[in-house]
Every structure is written in C-alpha cells, then in structure tokens.
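# Sequence first, then the predicted structure, then my questions.
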Amino acid sequence: MRVIWINGAFGAGKTTLSEKLTAEDPRLLMFDAELPGFMVREIVPLPASGDFQDLRVWRRSVADTAIALLEEYGRTLVVPMTVVVPSYLEEIFGRLRAHSVGVNHFFIDVPIRVLQARIEAQSIWPDDPARDAQVRTWRLEQVARCAAAVGLLPADTVVLDGELPVAELASQVLARLAES
C-alpha cells in the first residue's frame with residue numbers, strides 16, 4: 001500500500017500534476033484531502049485560524065480515509081494537498097506508516113512571483129465572484145508561508161521544480177517511484 005503525496009503552495013500545480021499522474025497510470029487513484037476538511041467544518045466549528053488543518057480530527061480523517069481507500073481498492077493513492085506545518089505532516093504520515101502504508105512525499109517548489117501570478121489568474125468559483133475573491137485573497141495570504149516550507153520539509157521529501165512543464169514533473173515522479 002502506497003501514498004504519493006503531492007505538496008506545495010496553493011497555485012503550485014498539485015492537482016494538475018496529480019491528474020496527469022492518474023491519467024498516465026490507471027492503477028493510481030486520486031484522493032482530494034480537502035474533502036474531509038469540507039465535511040469536518042460542517043460538523044464542528046473551525047478553530048480561530050479558520051483553517052481546518054488545525055483540527056486534529058481533519059488530520060486523522062485524512063489518514064484514516066486514505067487507509068480505507070487503500071484497503072478497499074488496492075490502488076496507490078495520489079494526494080494533492082498543501083500541508084506545510086511539519087508536525088501535521090508527521091502526524092498524517094506517521095499514522096499511514098503505522099498501518100504499513102509507504103509514503104512518497106513530493107513538494108512542488110515555485111517562485112513566489114509565479115505563484116502570485118497563477119493565483120491571480122485562477123478562478124476557483126467563477127459563478128460566485130465574491131467567494132472567488134475571498135478564496136483568491138486567502139490563497140495569496142498563504143504564499144509566503146507555503147514558500148518558506150521548503151526548508152522545513154521531512155528529509156525524504158523530493159523537491160520538484162514547479163516551473164517545469166507538468167509532463168516533465170510527472171516523468172520525474174514516476175521515475176522516482178520506479179526506483180523505490
């Protein structure tokens with residue numbers, strides 16, 4: 001059982017890379033770790049930070065859902081999710097490893113100016129301009145924190161050059177997986 005965790009700042013291209021990987025290899029299954037966060041915030045109040053990642057139940061739900069998907073479907077999971085708090089990564093990855101799940105952690109490193117331009121150009125909620133602006137503002141506020149995370153990543157993290165084309169990134173990820 002294996003998880004391929006695609007990490008990086010908002011706008012780094014995690015979902016695009018994950019979609020490319022799952023399109024190239026039908027044995028891979030994509031799991032959006034935001035979904036447990038959307039569920040949890042409907043059940044319990046968000047912490048003062050407003051970030052569901054600060055809820056232990058989210059971190060546990062992500063790991064437990066991944067384990068359930070792996071056991072039920074027997075396919076390697078690709079998880080595109082920004083997690084830049086080292087203890088949160090340790091908690092999630094530790095829970096996975098305690099259930100004999102191998103974790104390959106990749107971080108897409110993109111220069112701040114490129115991230116800002118990508119976020120400004122994206123429309124997450126095209127039918128809701130107010131919500132779209134709110135999400136864009138929040139994502140832009142996270143850029144510096146996420147970019148700084150490169151120096152705090154677990155030692156076994158593979159850092160990818162986020163300015164390369166997605167096909168090249170996918171090739172690098174698949175080559176690294178073939179080695180392990």
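Received the coordinates, thanks. Numbers count the residues shown, from 1 in each chain.
# Kindly export the helix or strand containing residue 66 (C-alpha atoms) in CSV.
Using DSSP states H and E, residue 66 sits in helix 56-73. Listed next in CSV are the C-alpha coordinates belonging to helix 56-73 (Å, rounded to 0.1, in the frame of the first residue of the first chain):
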residue,chain,number,x,y,z
ARG,A,56,-6.7,17.1,14.8
VAL,A,57,-9.9,15.4,13.5
TRP,A,58,-9.1,16.5,10.0
ARG,A,59,-5.6,15.1,10.1
ARG,A,60,-6.9,11.8,11.5
SER,A,61,-9.7,11.7,8.9
VAL,A,62,-7.3,12.2,6.1
ALA,A,63,-5.1,9.3,7.2
ASP,A,64,-8.0,7.1,8.0
THR,A,65,-9.8,7.8,4.7
ALA,A,66,-6.5,7.1,2.8
ILE,A,67,-6.1,3.8,4.7
ALA,A,68,-9.7,2.8,4.0
LEU,A,69,-9.4,3.6,0.3
LEU,A,70,-6.1,1.6,0.0
GLU,A,71,-7.6,-1.4,1.8
GLU,A,72,-10.8,-1.3,-0.2
TYR,A,73,-9.5,-0.6,-3.7
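# Can you tell me which helices and strands it packs against?
Judged by 3 or more Cβ pairs under 8 Å, 6 or more residues apart in numbering; DSSP states H and E, the packing partners of helix 56-73 are strand 2-8, helix 34-43, strand 76-80, helix 86-98. For glycine as for every other residue, the C-beta is placed from the backbone atoms N, C-alpha and C.
# Which positions within the longest one qualify as buried?
Meaning helix 86-98. For helix 86-98, burial by neighbour count (16 or more other Cβ atoms under 10 Å) applies to 88, 89, 91, 92, 93, 95, 96.
# The third one too?
Of all the residues in strand 76-80, those buried under the rule 16+ other Cβ under 10 Å are 76, 77, 78, 79, 80.
# what residues does that strand touch?
1-6, 14-15, 17-18, 21-22, 27-33, 62, 66, 69-70 (Cβ atoms under 8 Å, 6 or more residues apart in numbering).
# rounded to a whole number, what's the mean pLDDT of that strand?
Averaging pLDDT along strand 76-80 gives 98.
# quick revisit: show the buried residues in the contacts of strand 76-80.
1-6, 14, 17-18, 21-22, 28-31, 33, 62, 66, 69-70.
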